[in-house]
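# fold the following for me, if possible:
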Amino acid sequence: MYVAVVAALAMTFLFGIWVGRGIESRFILHGVLLGIFAILIYVAISFAQPEPLLYIIANCLKIVGGAAGCRFAERRKGKMNIPKEVSEVSLSQ
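Residues are numbered from 1 along each chain as shown. Just a heads-up that it's a prediction; the model follows:
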């Protein structure tokens, strides 16, 4: 039962990184939407039956994991991008 909480966070974090690779702006929004989409998939699979408190916490962590994954992808993308001014200066010398 406790594995579900950690897995919910870890998997949406990894999917957040994957989604974050293809977007250019509003990374956190995309991560939150990813988490909400993951919750909707889970609710559809479980036929919206009542769940224990631990599963509700896991669902909230899906949103956190998605947002954190996309934020991580944003920071990683920022480190990889070289500003245009810097590349033009180094080419002209």
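
# I'd like to know which elements the host helix or strand of Phe72 is packed against.
For Phe72, the element it lies in under DSSP states H and E is helix 53-80. Counting by 3 or more C-beta pairs under 8 Å, 6 or more residues apart in numbering; DSSP states H and E, the packing neighbours recorded for helix 53-80 are helix 2-20, helix 27-45. Every residue, glycine included, has its C-beta placed from N, CA and C.

# what is the burial count for Lys79?
Burial of Lys79, expressed as a neighbour count using other C-beta atoms under 10 Å, amounts to 8.

# and the gap between it and Ala73?
Distance of Lys79 to Ala73, computed by C-beta to C-beta, to the nearest Å: 11 Å.

# sorry, back to before: closest one to Ala68 among the helices and strands packed on helix 53-80?
Closest to Ala68 of the helices and strands packed on helix 53-80 is helix 2-20 (C-beta to C-beta; 5.6 Å).

# mind listing what's buried along the helix holding Phe72?
Buried positions in helix 53-80, judged by neighbour count with 16 or more other C-beta atoms under 10 Å: 55, 58-59, 61-74.

# ok, Ala38 touching Lys62?
Yes. At 4.5 Å, Ala38 and Lys62 qualify as touching, with contact defined as C-beta atoms under 8 Å.
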